[in-house]
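> please work out how this folds:
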Amino acid sequence: MNLTEIKAAARAEAFARRKVAFAARAAEDCARLKAVLAEHSGKALAGYMPMRTEIDCLPAMAAHQGAVGVPVILGAGTPLKFRSWSPEATMVAGEFGALIPESGDWVEPDVLIVPLLAFDRRGYRLGYGGGFYDRTLEGLRARKSVTAIGFAFAAQEVDEVPIEPTDQPLDLIVTEAEVFAPGR
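Numbers count the residues shown, from 1 in each chain. Alright, predicted model coming up:
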């Protein structure tokens, strides 16, 4: 199998694992993420609008003290931009069905909550295959220090995520069960 086929198989397996974890979700799944974000109070944060079986980061985003944005896809092959978000924001459907704020200022994040399908202890993640977060992290890291936090169910951990040179590592991984800084 080539890398594309390996990643496709890994995505299929990861979707199945996440679906099982999602069925067992609990209200306190976000508690560890809230605690981690408290250490970044005042910094600009980018989260995401959970879709399908993604773990819900919205309670942590709503509790954050500082600017909060959510991703907006401007086009294929481009980095993400982040529009200002609050729980009261008027939301509309964006690309791939993700909700985005209808209007608002752009936010350049210092901290990103990154969605994923699978992660490993090295700090790599398996995304959906569009490369949006990898391009975004690469661009942000070229300009300033940013903290990329993978947020997932513990069941999404795998022994090793298949990677390629463009894959950007996470700085921290938070699950409902633990928080850890990946070893590199």
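> roughly how far does the closest residue to residue 145 other than its chain neighbours sit from residue 171?
Leaving aside its sequence neighbours, residue 145 sits nearest to residue 110 (CB to CB, 6 or more residues apart in numbering; 7.6 Å). Any C-beta I mention is one placed from the backbone N, CA and C, and that applies to glycine too. Separation of residue 110 from residue 171 (CB to CB, to the nearest Å): 12 Å.
> and the residue nearest to the spatial centre of the chain, how close does it get to residue 2?
When CA atoms, centre = their mean is applied to the chain, the residue found nearest the centroid is residue 114 (1.4 Å). Per CB to CB, residue 114 is found 26 Å from residue 2.
> re the thing from before, mutual contacts of residue 110 and residue 171, please.
Among the neighbours of residue 110, those also in contact with residue 171 (CB atoms under 8 Å, 6 or more residues apart in numbering) are residue 147.
> thinking again about what came up before, ok, the residue nearest to residue 145 touching residue 42?
No - contact criterion CB atoms under 8 Å: residue 110 and residue 42 do not qualify, at 9.2 Å.
> show me the shaky parts of this protein.
15-27, 184 (pLDDT under 70).
> what residues are up against the residue lying farthest from the centre of the chain?
Taking CA atoms, centre = their mean, the residue of the chain most remote from its mean C-alpha position is residue 1, at 27.7 Å. By CB under 8 Å, 6+ apart, the contact set of residue 1 is residue 9.
> try 10 Å this time
Residues counted as contacts of residue 1 (CB atoms under 10 Å, 6 or more residues apart in numbering) are 7-9, 162.
> same check on residue 146?
Going by CB under 10 Å, 6+ apart, residue 146 touches 43-44, 46, 108-112, 136-137, 139-140, 171.
> ranking the residues you listed by neighbours, who comes first?
residue 46 (28 neighbours; other CB atoms under 10 Å).
> ok, that residue touching residue 115?
No - here residue 46 lies out of contact with residue 115, judged by CB atoms under 10 Å, at a distance of 11.0 Å.
> who touches both of these two?
By CB under 10 Å, 6+ apart, residue 46 and residue 115 have these common neighbours: 71, 133.
> neighbours of residue 2, how many?
Using other CB under 10 Å, residue 2 has 7 other residues around it.
> for residue 9, see how far away it is.
If you go by CB to CB, the gap between residue 2 and residue 9 works out to 11 Å.
> ok, back up a step: wait, the residue nearest to residue 145 sits on residue 149?
No - at 11.3 Å, residue 110 and residue 149 do not qualify as touching, with contact defined as CB under 10 Å.
> which residues are common contacts for the two?
Between them, residue 110 and residue 149 share these contacting residues under CB under 10 Å, 6+ apart: 40, 45.
> would you mark the buried spots in stretch 119-138?
By 16 or more other CB atoms under 10 Å, the buried positions in stretch 119-138 come out as 119-120, 123-127, 131-137.
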